[in-house]
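A.B. asks: Fold the stuff below for me.
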Amino acid sequence: MTSSLKLPTIWKTNALGDRFSTCVDLYMRHLFPITPPVNERLLHLIAWTLFTGSAFEFNISDGSPASVGDVNIGGAVPIQHLAGMNEVAAMSSGLLSAERALTFLTALAATVASLVPAKMLPTGLRDSAECLLTASRKTLQCYHDLDVDRPCATSIVIRSLHSLCTHAAGQPRLSWYILGEAIHVAQGMRIYDEASFAGLLPSEVRLRRSIFCQLSTGDKSSAILNGQPFAFSSTNFDKPFTVQPLSLDQSCLLDFEQRSDSARLASYVNTGFNPIASIFDRATRVLLTLRSLRDGLNGICDATGFLEAHQASVANSSSAFHVVIDDLPDWVQRPWQACSQKSGLQDYTGTLQSYVWILHTNIMLTYHCLRLILLTKGIEFGCVDMLGYNNNPKLLALHKLNVAHDAIQILRSTPFDALQMNSESSVSNMLVHKFVVVTR
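C.D. replies: The predicted structure is shown next:
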């Protein structure tokens, strides 16, 4: 990060609240389906509170509102903000404290500027990405120790967004380091334990459940795709993780006052978000089983009995990985049919249609990429036949080409905007590179 960043002229106006609200709208439109641990209503309220002259009184020493009911308002206030202030201000043990609010909002704006295609952004917003990220990270440093000591859900989300932005900027090591800090904060909050959600507001529970899935998936992605150690695995704890998948009717993070179809959108997002966690979780089980098998074979003179004993375990974990795709709803597997006028579902338009394609792309590309990685690991460990493949070298090369072909078909059939939304250019190049390398 450079120290002499210049703020683009897009921010040198008296309408900062409007600028940040635009970033919130862009996030909800394009990034929410694959990164949903944010509260739409809360984000708009933060933008309005920070930049339109209103102010909460906060007790910065403990990160909580000093007086939830006392709101000093300057200027006209939309009635929907007044109606929800007490509820929102009480979330997450002081989510609207000035430091966290500003850090959160600038992190989200930086994420939008980094990941949303430039043609969909207001002029100059793309050039603001580095400046916004730097501002957010420096603000976090101002209260970093207090935030670690008394964290809330937003503490984790902020770091998760910082990790996304640094990865988009081509800094994978820094991104992994920041993700690790987010995981440490989450572990301290015990968000892997369903019992830790007792007594929390429904919206806070929804945030923490989403954050758990996001961190778990991000950790497994770093481990499987980039060779990093697993940092957020139940094998590191005495008891297994107990967090339940996202319920399809949990829509409290979307703003019902702005979206008439919030319940339906939420159902689609949750339906499409849960499989990603399952795909990575089951791929991890296959990989760990293969590693265990490889390690166990070292030093064994007669491996026949050992291999036979583990064959069922490998086959079962591999089968569980593949069956995730079979259980997906039709709109995920074939969105071109669901979104067509001939399907009778003409209401697949606007935000919903965008969500459908984004989720389809995320799920299917993730699945095929992991298929290829597991096949490659099976070959490397000398037990590819246990995964259901013929170990003849020529047939293995054909298997690789078939997997790559399936992934290319997804790339060719998916709208380019959905591809861009799922990964910035550097990640796309990394994915293509992996397919080229492993199919040689």
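A.B. asks: Quickly find the element holding R209.
C.D. replies: Element membership of R209, judged by DSSP states H and E, is helix 202-226.
A.B. asks: go on, V269?
C.D. replies: Under the criterion of DSSP H and E, V269 resides in helix 262-297.
A.B. asks: Which of the residues in that helix are classified as buried?
C.D. replies: For helix 262-297, burial by neighbour count (16 or more other CB atoms under 10 Å) applies to 262, 264-287, 289-290, 293. Where C-beta positions appear, they are placed from N, C-alpha and C, glycine not excepted.
A.B. asks: the inter-axis angle of the helix holding R209 versus helix 262-297?
C.D. replies: 40 degrees (axes from the mean of the first three to the mean of the last three CA atoms, to 10 degrees).
A.B. asks: The following helix or strand past the helix holding V269: how far from the chain's middle?
C.D. replies: Counting by DSSP H and E, the next helix or strand C-terminal to helix 262-297 is helix 304-326. Using CA atoms, centre = their mean, to the nearest Å, the mean C-alpha position of helix 304-326 is found 28 Å from that of the whole chain.
A.B. asks: Keeping just the C-alphas, turn helix 304-326 into PDB.
C.D. replies: Output in PDB follows, covering the C-alpha atoms of helix 304-326 (Å, rounded to 0.1, in the frame of the first residue of the first chain):
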ATOM      1  CA  THR A 304      -2.700 -54.900   0.300                       C
ATOM      2  CA  GLY A 305      -4.600 -55.300   3.600                       C
ATOM      3  CA  PHE A 306      -4.200 -51.700   4.500                       C
ATOM      4  CA  LEU A 307      -5.500 -50.500   1.100                       C
ATOM      5  CA  GLU A 308      -8.500 -52.800   1.300                       C
ATOM      6  CA  ALA A 309      -9.400 -51.600   4.800                       C
ATOM      7  CA  HIS A 310      -9.400 -48.000   3.600                       C
ATOM      8  CA  GLN A 311     -11.000 -48.500   0.200                       C
ATOM      9  CA  ALA A 312     -14.600 -48.100   1.500                       C
ATOM     10  CA  SER A 313     -13.700 -44.900   3.400                       C
ATOM     11  CA  VAL A 314     -12.300 -43.300   0.300                       C
ATOM     12  CA  ALA A 315     -15.200 -44.500  -1.900                       C
ATOM     13  CA  ASN A 316     -17.800 -43.200   0.600                       C
ATOM     14  CA  SER A 317     -16.200 -39.800   1.000                       C
ATOM     15  CA  SER A 318     -15.800 -39.400  -2.800                       C
ATOM     16  CA  SER A 319     -19.400 -40.400  -3.400                       C
ATOM     17  CA  ALA A 320     -20.600 -37.900  -0.800                       C
ATOM     18  CA  PHE A 321     -18.700 -35.200  -2.600                       C
ATOM     19  CA  HIS A 322     -20.300 -35.900  -6.000                       C
ATOM     20  CA  VAL A 323     -23.800 -36.300  -4.700                       C
ATOM     21  CA  VAL A 324     -24.000 -32.700  -3.700                       C
ATOM     22  CA  ILE A 325     -24.400 -31.700  -7.300                       C
ATOM     23  CA  ASP A 326     -27.100 -34.300  -7.900                       C
END
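A.B. asks: List of residues touching the helix or strand just after that helix?
C.D. replies: Following helix 304-326 in sequence order, the next helix or strand is helix 330-333 (DSSP H and E). Contacts with helix 330-333, where a contact means CB atoms under 8 Å, 6 or more residues apart in numbering, come from 268, 271-272, 275, 325, 337-338, 356, 359-360, 363-364.
A.B. asks: if we can go back for a sec, please point out which parts of the helix holding R209 sit buried.
C.D. replies: Of all the residues in helix 202-226, those buried under the rule 16+ other CB under 10 Å are 203-225.
A.B. asks: what does the average pLDDT come to for it?
C.D. replies: Averaging pLDDT along helix 202-226 yields 87.
A.B. asks: And for stretch 290-298?
C.D. replies: If you average the pLDDT over stretch 290-298, you get 76.
A.B. asks: same thing with stretch 141-148?
C.D. replies: Mean pLDDT, computed over stretch 141-148, is 90.
A.B. asks: Return the set of buried residues in that stretch.
C.D. replies: For stretch 141-148, burial by neighbour count (16+ other CB under 10 Å) applies to 143, 147.
A.B. asks: give me phi/psi at P151?
C.D. replies: phi -80, psi 170 (degrees, to the nearest 10).
A.B. asks: How about it: what's its closest non-neighbour residue?
C.D. replies: The spatially closest residue to P151, leaving aside those adjacent along the chain, is V185, at 5.0 Å (CB to CB, 6 or more residues apart in numbering).
A.B. asks: A47 now?
C.D. replies: Spatial nearest neighbour of A47, excluding adjacent residues (CB to CB, 6+ apart): F20 at 4.0 Å.
A.B. asks: Kindly report the same for L174.
C.D. replies: Nearest residue to L174, sequence neighbours excluded (CB to CB, 6+ apart): T166, at 4.7 Å.
A.B. asks: Name all residues that make contact with the one you found.
C.D. replies: 133, 174-175, 178.
A.B. asks: Now it, what are its backbone angles?
C.D. replies: Torsion angles, degrees, to the nearest 10, at T166: phi -70, psi -30.
A.B. asks: For Y177, see how far away it is.
C.D. replies: 9 Å (CB to CB, to the nearest Å).
A.B. asks: related to what we said a few turns ago, who's in contact with the helix or strand that contains the residue nearest to P151?
C.D. replies: Here V185, judged by DSSP H and E, is contained in helix 172-189. Here helix 172-189 makes contact (CB under 8 Å, 6+ apart) with 148, 151, 155-156, 159-160, 162-164, 166-167, 192, 196, 208, 211-212, 215, 218-219, 222, 226, 228, 231-232.
A.B. asks: If we use 6 Å, what do you get?
C.D. replies: 151, 155-156, 159-160, 162-163, 166-167, 215, 218, 222, 228, 231-232 (CB atoms under 6 Å, 6 or more residues apart in numbering).
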